[in-house]
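K.L.:
here is my input, please return the structure:
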Amino acid sequence: MDFQPTEDQEALRTGVRELLAGRFPREALRAAVDAGDALETGSGGASVVGGPPVVDRVLWRELGEAGFFALRLPEADGGVGLGLPEAVLVFEEAGRVLLPGPLVGTHLAATHLTGPVAAGAAAGELLVALALPPAPVGHLGAADAVLALGELGAGEPGSQVGSGELGGTGVGLFAADGYPAAEIRSVDPLTPLHLPGSVLPPARALDGGAGVEAASAGADPVLAGADPVLLRREAALLTAALQVGSAGRTLAMAVQHARQREQFGRPIGAFQAVKHLCADMLVRLEMARTAVYAAAVSGDGFETAAARLLADDAASRNARDCLQVFGGMGFTWEADVHLHIKRSWVLAAGRGDTERHEEELAGELLQ
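P.N.:
This is a model prediction of the structure:
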């Protein structure tokens with residue numbers, strides 16, 4: 001099986017990279033971070049948790065027009081007609097630039113739901129947050145809707161999120177402004193977090209001008225056929241792709257700095273200790289990237305679990321090693337290294353199912 005991207009896939013990757021370079025360059029990233037930092041500090045130096053959304057709605061719609069969210073919809077339905085391997089490449093580029101927003105939830109809603117919610121998500125008109133209780137929900141304040149995926153026990157026909165019933169398929173769609181969650185402090189200035197409550201709200205109309213409705217799975221055709229196992233698997237894989245993109249970016253940052261920074265009359269990249277750090281970063285990146293690409297092609301749950309764990313590890317450890325290469329400069333607010341570290345932590349914790357993937361891998365290996 002060949003996991004190397006085709007020419008068309010490479011062209012897609014290049015196109016997305018150019019789009020993001022033009023619409024979300026480093027200057028836009030830093031502006032969003034600085035705005036979030038000002039909100040955290042507050043007037044008079046008072047500490048403030050949260051703030052207004054950091055998601056650029058204009059950029060979100062441009063992503064929708066470019067097919068970011070409708071990538072896997074059939075062309076007959078207004079989509080691009082591509083598959084999960086192409087989606088992984090696109091999400092890798094988004095992770096590379098630390099693009100903020102509920103990317104995974106919106107993409108899954110556009111791909112697997114039907115009706116106005118799916119259409120709005122595909123066009124970039126709606127933001128759909130992804131909830132995997134009890135893990136924190138990212139970008140709830142900016143979202144129009146929440147796609148909630150419950151736990152399915154062996155032999156259980158239904159699913160629960162706290163004491164809220166999700167119905168027979170373990171999938172629920174809810175209005176974001178009515179979803180019970182308490183705002184909590186996030187280490188990532190571009191990913192506001194909310195901790196889900198114990199009781200889910202009743203289904204009701206969504207705000208945002210779309211006139212769409214939220215409902216429990218099994219009670220509304222919008223969610224007909226939505227498979228929570230598949231949705232969780234794809235959510236893990238797409239988030240792993242974001243992590244791979246971040247790991248690749250921190251490697252590039254470390255190598256560039258090692259070539260430019262001089263000590264004792266020579267670039268620090270000439271020293272063996274720095275070479276080993278960069279080499280280890282490359283190994284972790286390629287292992288994680290290969291695992292993610294393989295899982296995207298096979299769709300296998302075991303391979304997805306392995307890809308998720310490798311990608312989380314690569315993003316976090318590459319960011320830490322990048323910090324070592326940068327030295328004291330890397331600890332400053334002006335450097336981007338800390339943003340990659342924080343994003344890797346938030347993404348790793350946001351799905352709340354690390355133990356599940358570890359147990360799945362262990363069970364497969366022991367068979």
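K.L.:
contacting residues for F331?
P.N.:
Counting by C-beta atoms under 8 Å, 6 or more residues apart in numbering, F331 touches L323, H338. All C-beta atoms are positioned from the backbone trio N, CA, C, and that covers glycine.
K.L.:
so how far is P25 from it?
P.N.:
Counting by C-beta to C-beta, to the nearest Å, the gap from F331 to P25 is 24 Å.
K.L.:
now the phi/psi pair for D144, please.
P.N.:
Dihedral angles phi and psi of D144 (degrees, to the nearest 10) take the values phi -100, psi -30.
K.L.:
I'd say it and G124 touch.
P.N.:
No: using C-beta atoms under 8 Å as the test, D144 is too far from G124 to be in contact (11.4 Å).
K.L.:
just the CA atoms of stretch 127-145, as CSV, please.
P.N.:
Taking Å, rounded to 0.1, in the frame of the first residue of the first chain, the C-alpha atoms of stretch 127-145 are listed here in CSV:
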residue,chain,number,x,y,z
LEU,A,127,-19.2,27.1,13.6
VAL,A,128,-19.8,23.7,15.2
ALA,A,129,-17.9,22.8,18.3
LEU,A,130,-17.2,19.2,19.1
ALA,A,131,-18.0,17.9,22.6
LEU,A,132,-16.5,14.6,23.9
PRO,A,133,-17.7,14.7,27.5
PRO,A,134,-16.2,14.9,30.1
ALA,A,135,-13.3,16.5,28.1
PRO,A,136,-13.4,20.4,27.8
VAL,A,137,-15.1,21.9,24.8
GLY,A,138,-13.1,24.3,22.7
HIS,A,139,-14.5,27.5,21.2
LEU,A,140,-17.9,27.0,22.7
GLY,A,141,-18.4,30.8,23.0
ALA,A,142,-17.8,31.3,19.3
ALA,A,143,-19.8,28.3,18.1
ASP,A,144,-23.4,28.2,16.7
ALA,A,145,-23.9,24.5,17.6
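K.L.:
quick check: buried residues in that stretch?
P.N.:
127-133, 135-145 (16 or more other C-beta atoms under 10 Å).
K.L.:
stretch 324-339 too?
P.N.:
Buried, per 16+ other C-beta under 10 Å, within stretch 324-339: V325, F326, G330, A335, D336, V337, H338, L339.
K.L.:
also stretch 66-82?
P.N.:
Neighbour-count burial for stretch 66-82 [16+ other C-beta under 10 Å]: A66, G67, F68, F69, A70, L71, R72, L73, G79, V80, L82.
K.L.:
spit out the contact partners of the second one.
P.N.:
This means G67. G79, V80.
K.L.:
that one in helix, strand or coil?
P.N.:
Three-state call for G67 (DSSP: H, G, I helix; E, B strand; the rest coil): coil.
K.L.:
can you tell me how far it is from G22?
P.N.:
The value you get for G67 to G22, if C-beta to C-beta is used, is 16 Å.
K.L.:
all strands for the protein, in order.
P.N.:
128-131, 137-138, 145-149, 160-161, 164-165, 171-175, 181-184, 193-196, 215-216, 262-263, 266-267 (DSSP state E).
K.L.:
look up phi and psi at L71.
P.N.:
Taking degrees, to the nearest 10 as the convention, L71 sits at phi -60, psi -40.
K.L.:
do the same with Y179
P.N.:
Main-chain torsions, Y179, degrees, to the nearest 10: phi -80, psi 120.
K.L.:
ok so, going back, could the buried residues of stretch 66-82 be laid out in a markdown table, adding distance to D8?
P.N.:
Formatted as a markdown table, the buried residues of stretch 66-82 follow (distance: C-beta to C-beta, whole Å):
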| residue | distance to D8 |
| --- | --- |
| A66 | 16 |
| G67 | 14 |
| F68 | 17 |
| F69 | 19 |
| A70 | 17 |
| L71 | 13 |
| R72 | 15 |
| L73 | 17 |
| G79 | 16 |
| V80 | 11 |
| L82 | 9 |
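K.L.:
and the residues you listed, which is the shakiest by pLDDT?
P.N.:
In terms of pLDDT, G79 ranks lowest among the buried residues of stretch 66-82, with 89.
K.L.:
what sits closest to that one if chain neighbours are left out?
P.N.:
In space, and not counting its chain neighbours, G79 is closest to L73: 2.4 Å by C-beta to C-beta, 6 or more residues apart in numbering.
K.L.:
surely the one you found and T111 touch.
P.N.:
Yes: contact between L73 and T111 holds when scored by C-beta under 8 Å: they sit 6.5 Å apart.
K.L.:
which stretches in the stretch 1-150 of the chain count as helices?
P.N.:
7-23, 26-41, 57-65, 84-96, 103-112, 116-123 (DSSP state H, counting those that start in this stretch).
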